[in-house]
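# What shape does this take:
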Amino acid sequence: MNNKEALISKIERNEASWKDFSEFIKIQDEFVDPFFDIALEKKRKYFGDFLKVYIPNDRYPAISITGDYCELNCEHCNNKYLKGMKALTTNETLYDYLKNHAKGGGVGALISGGCLKDGSVPLVNFLDTIKKIKIETDLIINIHTGLLNELTAKKLVEAQVDIISFDINIDPEIIQNIYHLNKKPDDYKEAVKLFQRYNLNVIPHICVGLHYGNIRKELECIRFIKKIGLDPTLIVLIALIPPRNSEKTFKTPNAYDIAKIIALTRFVFPNKEISLGCMRPRGKIRENIERKAILAGITRIEMPSRKTLKWINNVFPEMKVKYYSACCAIPDTYEKKAQMKRNKLNKYLRI
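Got it, this is the predicted structure:
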């Protein structure tokens, strides 16, 4: 039995060590497909033959409470993502918008914003408004917190926020040189401990290839989630979109590398939902990333291409595809509320 066959056997029997997983990352692309077969089989064992597709559209908007302002200007973003969000920078405008959004049939909203120098999104002064919205409506609220303190954690609980989307990163070089943040991996660990202490529903996000497009400490991030006992219902994998305006050199992550990290997540968390989130490269590589992610065992995907959906129909005709008007991080208990309306689905599929 060669090394590759031995590794396949260990993973099939759920006996692989972290060292084994590290060796898996190094396997050449042309030898990876048998491992994807294992990941897909594990996904089928726990979740069956289905795929959840999330198209937020106008029923689940992304909101920035800081507009396009951010004190970090991270290398991979530089405010680009904030500019694509709806700017609601006062409590009055946030309340009025969300109240009307609920009346108009809205499902929920992602509330985010630029970070302060300490890596936090300045949420505290908005959380009373969000609490009021949660009392008066049934909107699903997902919040990007960034790093946070205990006061923010307490107020998130009081506001009855449904989801905390939190980026897991324990790579000092990324934290300092890409995030421009004077923090350490321990600060991220302390933030997760706060979430745990206050029993907040944290959905960890891991960005593949954030180290200039290369795989670096993604496995350590997966290990961190496991070792700290976060026990999420869902893990979201996203991937670097190389910035155009950075002085540093970034490359597009390899589609196989992205799929390897997805497969690793499936091996470590066989009974957890895994999503390919909205942040990932588009263009020519898009379908290749999406297809390999499906082969590597995801249960959810946000905004797949129509070509990918046709590919699923041809390659996996037995797969049931369900569509939702929400971000991919919503709890499954909200799926009925988030079901995509027929007219929205027809528009997306161009029927």
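# And the strands in the stretch 101-250 of the chain?
In the stretch 101-250 of the chain, strands defined by DSSP state E, counting those that start in this stretch lie at 108-112, 140-144, 163-167, 202-208, 234-239, listed in chain order.
# how about TSV for those, with mean neighbour count, distance to M303 and mean pLDDT added?
For every residue, glycine as well, the C-beta is placed using N, CA and C. Formatted as TSV, the entries for these read as follows, by neighbours: other C-beta atoms under 10 Å; distance: least, C-beta to C-beta, whole Å; pLDDT from 0 to 100:
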stretch	mean neighbour count	distance to M303	mean pLDDT
strand 108-112	26	13	98
strand 140-144	24	16	98
strand 163-167	22	16	97
strand 202-208	24	16	98
strand 234-239	25	12	98
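# how about the helices in the stretch 201-350 of the chain?
218-227, 255-268, 286-295, 306-315, 335-338, 342-349 (DSSP state H, counting those that start in this stretch).
# returning to that earlier point: dump the strands of the stretch 101-250 of the chain into a markdown table; add distance to K189 as well.
Putting the strands of the stretch 101-250 of the chain into a markdown table (distance: least, C-beta to C-beta, whole Å) gives the following:
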| stretch | distance to K189 |
| --- | --- |
| strand 108-112 | 22 |
| strand 140-144 | 18 |
| strand 163-167 | 12 |
| strand 202-208 | 12 |
| strand 234-239 | 17 |
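# Would you mind saying which of those lies nearest F50?
With respect to F50, and counting by C-beta to C-beta, the nearest of the strands of the stretch 101-250 of the chain is strand 234-239 at 14.8 Å.
# So which residues make contact with that closest one?
The set of residues that contact strand 234-239 without belonging to it, under C-beta atoms under 8 Å, 6 or more residues apart in numbering, is 165, 203-209, 225, 253, 258, 261-262, 265, 269, 272-281, 289, 293, 298, 300, 328-329, 331.
# where does the stretch 151-300 of the chain dip in pLDDT?
For the stretch 151-300 of the chain, not a single residue meets the criterion pLDDT under 70.
# doesn't I140 make contact with A338?
Yes. In terms of C-beta atoms under 8 Å, A338 counts as a neighbour of I140; the distance is 7.2 Å.
# Contact partners for K292?
Neighbours of K292 in contact, by C-beta under 8 Å, 6+ apart: F36, A255, Y256, I258, A259, I262.
# In JSON lines: those, plus neighbour count.
Formatted as JSON lines, those follow (neighbours: other C-beta atoms under 10 Å):
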{"residue": "F36", "neighbour count": "21"}
{"residue": "A255", "neighbour count": "21"}
{"residue": "Y256", "neighbour count": "20"}
{"residue": "I258", "neighbour count": "28"}
{"residue": "A259", "neighbour count": "30"}
{"residue": "I262", "neighbour count": "29"}
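# number of nearby residues for A263?
A263 has 31 neighbours, counted by other C-beta atoms under 10 Å.
# Tell me what the residue positioned nearest the centre of the chain is bridged to.
Among the residues of the chain, the smallest C-alpha distance to the mean C-alpha position (C-alpha atoms, centre = their mean) belongs to V236, namely 3.1 Å. Under the criterion DSSP bridges, V236 forms beta bridges with H205, S275.
# what separates it from I206, distance-wise?
As for V236, its distance to I206 is 7 Å (criterion: C-beta to C-beta, to the nearest Å).
# now do N3
Here the criterion is C-beta to C-beta. By it, N3 lies 27 Å from I206.
# so what sits against both of A338 and I140?
Y60, V107, G108, A326, I330.
# Mind putting the residues you listed into a markdown table with distance to Y81?
Supplementary listing: the shared contacts of A338 and I140 in a markdown table, determined by distance: C-beta to C-beta, whole Å:
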| residue | distance to Y81 |
| --- | --- |
| Y60 | 16 |
| V107 | 21 |
| G108 | 19 |
| A326 | 18 |
| I330 | 20 |
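# Between the residues you listed, which sits nearest L219?
Here the nearest of those to L219, counting by C-beta to C-beta, is I330; it sits at 27.1 Å.
# Determine the number of other residues adjacent to E158.
Around E158 there are 14 other residues, counting by other C-beta under 10 Å.
# Surely it and K132 touch.
No. The criterion here is C-beta under 8 Å, and E158 misses it with K132 at 11.1 Å.
# rewinding a little: which one of the contacts of K292 sits closest to I285?
Distances from I285 to these, taken as C-beta to C-beta, are shortest for A255 (5.9 Å).
# got the contact list for the closest one?
The neighbourhood of A255, defined by C-beta under 8 Å, 6+ apart, consists of I285, N288, I289, K292.
# Would you mind measuring from it to I294?
Going from A255 to I294 by C-beta to C-beta gives 12 Å.
# now C221
Using C-beta to C-beta, one gets 22 Å for the distance from C221 to I294.
# How about N254?
Distance check for N254 against I294: by C-beta to C-beta, it reads 17 Å.
# more crowded one of the two?
For N254 versus I294, the count of surrounding residues by other C-beta under 10 Å is larger for I294: 25 against 20.
# Touching, the more buried one and V321? I think so.
No. With contacts defined as C-beta under 8 Å, I294 does not count as touching V321, sitting 10.5 Å away.
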